[in-house]
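Visitor: Predicted coordinates and the sequence they were generated for:
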Amino acid sequence: MTTPNSIQPLPPARSDFADDFLWGCATSSYQIEGAGAVDGRVESIWDRFAATPGKVRDGSNGAVACDHYHRWPQDFDIARDMGLNAYRFSIAWPRIFSGSGGAPNQKGLDFYSRLVDGMLERGLQPWATLYHWDLPQALQERGGWAERATVEAYLAFVDAVTRRLGDRVKHWITHNEPWCTAMIGNYEGLHAPGLTDFATALQVCHHVLLSHGKAVPLIRANVPDAQVGIALSLHPVRPASDSAADRAATLRHDGLRYRWFLDPLHGRGYPQATLEAVGACAPRVEPGDMEAIAVATDFLGVNYYFPETIQDAPGEGPLHARVLPPSGVETTALGWEVAPAGLAELLVRIEHDYRPGPMYITENGACYDDEVGPDGQVHDAGRTAYLQRHLAALRDAIRGGVPVKGYFAWSLVDNFEWAEGYLRRFGLIHVDYDTQQRRLKDSGKWYRAFLRQQ
Ligand code: IFM
């Protein structure tokens, strides 16, 4: 295997990728579905968080979002016409269980059954994510993911969903970005449930990983031909300077951001140096937990957006390390560095460190301040270039020996971008939130032209 040290400027061609490569887009339930109080859906932690003044920048919530709950046929028609052969979506737990006991809500299951049929009718292979951050609020009232009982509640949810959909859905992602669930939601307080306690965040993280480990055999029991994995948000890391202090800070940061997840998933337990660094905040681990977390999976999902630059910061945060904002480099409208080579660097590193088997890019995309032009079109040149350059980097990583089998652009449609509300757009399809009109952006047209190549 070789490390691609420069990304070829040549645009990628579809023929650079295997014939059976998966080409998709990704979304998540709370971000697009709307229908917040329809067909028995109960309150989620995001409904509660968004209703708390000051938590979401534009004061919005996901109650209507893209109204995908009702408009999915139109969205899937566009996805089919773009030439996608796969679609990643998530299942809203609050549509299936209330979090206060009781039987699964058949209307919620019926909705996802219709949704899956709609995908299959249009040649979109369904990739279902079981947890993309919308925990029933009733479970949070009892401690949420910090409580071990939530693992059991999650397994009941997974059981109901995989029994109902497993005849048609063969690709399952247990969790989306456990780092964000744990750290942004429970330590940084910027996502639901909005807590700011590091020990709680690490306990949440442990229970999320444990629930992944316990869900894998359950899914396989219900769906014998299932392919199961987890989607992690990962970043290449680099020290802010060559100083020993910055290099040490980078290692500390990486221990929690990268190895805290990939080590236990690959049977190595939590990294010892990081355990020592977090001290008394380390999670309670019961006998058998680490073995459960290390269950073999069928693929690893990698969500890549940008690299991180780390500076030593004595006294700051639990690890005395600071992620610097990008400076002097190209960024998206969210201030995220545009670094296609970082995707290849990350993939090569994961393959070198863990050899996880097949990998899929389960998210990759960019936020720009899109506007509908006088011609009625959205000319999102920045996102189009982002897509092209990241696919070129992906091509080079695959040529270098990394077994990536598919790519899901984030996102199919503009949507509720969590604490940023509707101020941030990531879609290849523009959504006018006043009229719910959809418009394929130039980036979506580029993806369509790319996928139409022979
Ligand atoms: O919108 C999110 C998504 O829900 C999880 N991954 C990152 C995306 C962009 O911020």
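Guide: Cool, got the structure.

Visitor: and the protein, which residues reach the ligand?
Guide: 28, 31, 177, 303, 363, 410, 417, 426 (CB under 6 Å from any ligand atom). No exception for glycine: its C-beta is placed from N, CA and C like everyone else's.

Visitor: Give me the distance from whichever strand or helix holds residue 126 to the chain's centre.
Guide: Assigned by DSSP states H and E, residue 126 falls within strand 125-129. Computed by CA atoms, centre = their mean, to the nearest Å, the chain-centroid distance of strand 125-129 equals 13 Å.

Visitor: Let's see the helix or strand that it is followed by as PDB, backbone CA atoms only.
Guide: Next helix or strand after strand 125-129 toward the C-terminus (DSSP H and E): helix 137-141. In PDB, the C-alpha atoms belonging to helix 137-141 read as follows (Å, rounded to 0.1, in the frame of the first residue of the first chain):
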ATOM      1  CA  GLN A 137     -37.000  12.600  25.400                       C
ATOM      2  CA  ALA A 138     -38.700  10.200  27.900                       C
ATOM      3  CA  LEU A 139     -35.400   8.100  28.000                       C
ATOM      4  CA  GLN A 140     -33.400  11.300  28.600                       C
ATOM      5  CA  GLU A 141     -35.600  12.000  31.600                       C
END
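
Visitor: Give me the residues contacting helix 137-141.
Guide: With CB atoms under 8 Å, 6 or more residues apart in numbering as the test, helix 137-141 has contacts from 42-45, 47-48, 94, 98-100, 150, 153, 192-193.

Visitor: residue in the stretch 151-300 of the chain nearest to the ligand?
Guide: residue 177 (5.6 Å; CB to the nearest ligand atom).

Visitor: That residue: what's it in contact with?
Guide: Neighbours of residue 177 in contact, by CB under 8 Å, 6+ apart: 231-233, 303.

Visitor: Show me which of these is closest to residue 208.
Guide: Lowest distance from residue 208 to those (CB to CB) belongs to residue 232, with 11.2 Å.

Visitor: Give me the phi and psi for the closest residue to that closest one other than its chain neighbours.
Guide: Spatially, and ignoring its direct neighbours in sequence, residue 232 is nearest to residue 261 (5.4 Å; CB to CB, 6 or more residues apart in numbering). When quoted as degrees, to the nearest 10, the phi and psi of residue 261 stand at phi -100, psi -50.

Visitor: Give the full set of residues in contact with residue 131.
Guide: Residue 131 neighbours (CB under 8 Å, 6+ apart): 90, 93, 154, 174-176, 181, 208, 211.

Visitor: Helices - which of the residues you listed land there?
Guide: If you go by DSSP state H, the contacts of residue 131 have 93, 154, 208, 211 in helices.

Visitor: Closest one of the residues you listed to residue 145?
Guide: Of these, the one sitting nearest to residue 145 (CB to CB) turns out to be residue 208, at 5.8 Å.

Visitor: residues contacting the residue in the stretch 201-350 of the chain that the ligand sits nearest to?
Guide: As assessed by CB to the nearest ligand atom, the ligand sits closest to residue 303 within the stretch 201-350 of the chain, at 5.5 Å. Going by CB under 8 Å, 6+ apart, residue 303 touches 176-177, 231-234, 361-364, 410.

Visitor: surely residue 336 meets residue 306?
Guide: Yes. Residue 336 is within contact range of residue 306, at 4.3 Å (criterion: CB atoms under 8 Å).

Visitor: So which of these two has more stuff around it?
Guide: A count of neighbours by other CB atoms under 10 Å puts residue 306 above the other of residue 336 and residue 306, at 20 against 16.

Visitor: ok, the more buried one touching residue 335?
Guide: No. Between residue 306 and residue 335 there is no contact under CB under 8 Å: 9.3 Å.

Visitor: can you tell me how far residue 425 sits from the ligand?
Guide: 11 Å (CB to the nearest ligand atom, to the nearest Å).

Visitor: Give the burial count for that residue, as a bare number.
Guide: Residue 425: 24 neighbours (other CB under 10 Å).

Visitor: for the helix or strand hosting residue 449, packing partners?
Guide: Following DSSP H and E, one finds residue 449 within helix 442-452. Using 3 or more CB pairs under 8 Å, 6 or more residues apart in numbering; DSSP states H and E, the elements in contact with helix 442-452 are helix 68-82, helix 381-399.

Visitor: Make CSV out of those and add mean neighbour count.
Guide: Formatted as CSV, the helices and strands packed on helix 442-452 follow (neighbours: other CB atoms under 10 Å):
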stretch, mean neighbour count
helix 68-82, 18
helix 381-399, 21
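
Visitor: Quick one: closest of those helices to residue 441.
Guide: Using CB to CB, the nearest of those to residue 441 is helix 381-399, at 6.9 Å.

Visitor: The closest one to helix 442-452, inter-axis angle?
Guide: Angle, helix 381-399 to helix 442-452, by axes from the mean of the first three to the mean of the last three CA atoms, to 10 degrees: 40 degrees.

Visitor: Let me see the residues that make contact with helix 381-399.
Guide: Contacts for helix 381-399 (CB under 8 Å, 6+ apart): 4, 7-12, 16-17, 304, 332, 338, 340-344, 347-348, 361, 364-366, 368, 370, 404, 407, 409, 428, 441-443, 446-447, 450.

Visitor: let's see it at 6 Å
Guide: Identification of contacts with helix 381-399 by CB atoms under 6 Å, 6 or more residues apart in numbering yields 4, 7, 11-12, 16, 340-341, 343-344, 347, 364, 366, 368, 404, 442-443, 446.

Visitor: Same list (the helices and strands packed on helix 442-452) but as CSV, adding mean pLDDT.
Guide: Below are the helices and strands packed on helix 442-452 laid out as CSV (pLDDT from 0 to 100):
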stretch, mean pLDDT
helix 68-82, 99
helix 381-399, 98
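
Visitor: okay if I get those helices as JSON lines plus distance to residue 325?
Guide: Shown next, in JSON lines, are the helices and strands packed on helix 442-452 (distance: least, CB to CB, whole Å):
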{"stretch": "helix 68-82", "distance to residue 325": "33"}
{"stretch": "helix 381-399", "distance to residue 325": "19"}
